[in-house]
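Peer 1: I'd like to go over a predicted model; first the sequence, then the structure.
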Amino acid sequence: MKVTVVGAGAVGASCAEYIAIKNFASEVVLLDIKEGFAEGKAMDLMQTASLNGFDTKITGITNDYSATADSDVCVITSGIPRKPGMTREELIGINAGIVKAVSSSLVKHSPNTILIVVSNPMDTMAYLAAKSTGLPKQRVIGMGGALDSARFKYRLAEALGAPISDVDGMVLGGHSDTGMIPLTRLATRNSFPVTNFLSADRLEQVKEDTKVGGATLTKLLGTSAWYAPGAAVSSMVQAIACNQMKMFPCSVFLEGEYGMKDICLGVPVILGKNGIEKIVEIDLNDAEKANMLESAEAVRKTNGLLEL
Ligand SMILES: NC(=O)c1ccc[n+]([C@@H]2O[C@H](COP(=O)([O-])OP(=O)(O)OC[C@H]3O[C@@H](n4cnc5c(N)ncnc54)[C@H](O)[C@@H]3O)[C@@H](O)[C@H]2O)c1
Ligand SMILES: O=C(O)C[C@H](O)C(=O)O
């Protein structure tokens, strides 16, 4: 299994590190436009191999896509992150051009690859990659829901005073401060609905804290987060590499599922060796359906700024 990660910055390097530590890929190619940067990150990471006990070979390269040829999975993290006070949508002006050029170069050298899009605004960047490369919808996957759901579980465990491993929950919808839909109705602690243990007010707080999870970290760090994003991407790559058939919420191109068309939005999918093996349609209540429509409307507005 060969994986390429474009962007050797905070998220790209964290992603390469988690993939290597999990030891399921033979090779990770880290590519960046900044001269020598990916080479340096790759060398530093390779010097952790004997300490962390992995055999994955990580190589760094400056903007030479021939080194990425025949990658099974390509992850796009190139682009600028937001600063405190910004929204993800404000990044579109710079990141759209980067994501379009990078996805085209990747697909040219790896026509059979599965693309995972991370750069923000992610739902719109996934849509752009799907439209501009023309790859089958099974092979373009936006990463947002896996991260947002991990943050939801963190906040649920905090509210419950429980270990995170006792908690389960999922976030659907757009990867934005207002568009995320943490499904509190369906979240559980050891299979019991969390509504048994938490008041409606406390659950509302969990929901709001989850939605602004990225903004909260951006305010603390001065730039956006990287550990949990890198871990989320590596779990998705592992699900594909090991044909795990695991369910993650991912931003995928919809053709009628959840009553939507011509948009990438976060819905539950099964990930396996072909990328998206199945889009899972769950029964949402009226309020959740209304939230999905509202979230989609905001993503469509951002998509409208693209030059396709
Ligand atoms: N979807 C998510 O859940 C999620 C999570 C975290 C971050 N992000 C997004 O990921 C992106 C990267 O964040 P970061 O913190 O790693 O930023 P960063 O600035 O640390 O790294 C970005 C890297 O991209 C490189 N780059 C820029 N243009 C390039 C090009 N054309 N080709 C190759 N490399 C190029 C830069 O040189 C830099 O090293 C941002 O857009 C951020 O908003 C998304
Ligand atoms: O918050 C951001 O801008 C980065 C990322 O989308 C995140 O959720 O951490």
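Peer 2: On my side now, so go ahead. Ligands and ions are numbered 1, 2, ... in the order given.
Peer 1: okay, CA-based contacts and neighbour counts for the rest of this
Peer 2: Noted.
Peer 1: For burial, what's the neighbour tally of whichever residue of the stretch 151-300 of the chain sits closest to ligand 2?
Peer 2: Proximity of the stretch 151-300 of the chain to ligand 2 (CA to the nearest ligand atom) peaks at G214, 3.3 Å away. Look at G214: counted by other CA atoms under 10 Å, it has 23 neighbours.
Peer 1: surely it meets G222?
Peer 2: No - using CA atoms under 8 Å, G214 is not in contact with G222; the gap is 11.4 Å.
Peer 1: rewinding a little: can you tell me if the host helix or strand of the residue of the stretch 151-300 of the chain closest to ligand 2 touches ligand 1.
Peer 2: Using DSSP states H and E, G214 falls within helix 213-221. No - using CA under 6 Å from any ligand atom, helix 213-221 never reaches ligand 1; the gap is at least 7.7 Å.
Peer 1: which residues sit against that helix?
Peer 2: With contact meaning CA atoms under 8 Å, 6 or more residues apart in numbering, helix 213-221 is reached by 82-85, 87, 148, 151, 177, 223-225.
Peer 1: Considering only these, which also neighbour ligand 1?
Peer 2: 82, 224-225.
Peer 1: Export those to JSON lines and append columns for pLDDT.
Peer 2: Below are those laid out as JSON lines (pLDDT from 0 to 100):
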{"residue": "R82", "pLDDT": "98"}
{"residue": "S224", "pLDDT": "98"}
{"residue": "A225", "pLDDT": "98"}
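Peer 1: before we move on, back to that, now the helix holding G214 - C-alpha only, CSV.
Peer 2: The C-alpha coordinates for helix 213-221 follow below in CSV (Å, rounded to 0.1, in the frame of the first residue of the first chain):
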residue,chain,number,x,y,z
GLY,A,213,-14.3,22.4,18.3
GLY,A,214,-12.0,23.6,15.5
ALA,A,215,-12.5,27.3,16.3
THR,A,216,-11.8,26.7,20.0
LEU,A,217,-8.5,25.0,19.2
THR,A,218,-7.6,27.7,16.6
LYS,A,219,-8.1,30.4,19.3
LEU,A,220,-5.8,28.4,21.7
LEU,A,221,-3.1,27.5,19.2
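Peer 1: if we can go back for a sec, okay, the ones next to ligand 1 among the contacts of helix 213-221 in a markdown table with neighbour count next?
Peer 2: Listed next are those as a markdown table, based on neighbours: other CA atoms under 10 Å:
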| residue | neighbour count |
| --- | --- |
| R82 | 22 |
| S224 | 21 |
| A225 | 21 |
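Peer 1: same for ligand 2: which of those are within range?
Peer 2: The residues of these that also fall near ligand 2, by CA under 6 Å from any ligand atom, are 82, 224-225.
Peer 1: Same list (those residues) but as CSV, adding secondary structure and distance to F192.
Peer 2: Putting those into CSV (DSSP: H, G, I helix; E, B strand; the rest coil; distance: CA to CA, whole Å) gives the following:
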residue, secondary structure, distance to F192
R82, coil, 38
S224, coil, 34
A225, coil, 31
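Peer 1: Skipping its backbone neighbours, what lies nearest whichever residue of the stretch 151-300 of the chain sits closest to ligand 1 in space?
Peer 2: Minimum separation of the stretch 151-300 of the chain from ligand 1 (CA to the nearest ligand atom) falls at P229, amounting to 4.8 Å. Excluding its sequence neighbours, the residue lying closest to P229 (CA to CA, 6 or more residues apart in numbering) is L147, at 5.9 Å.
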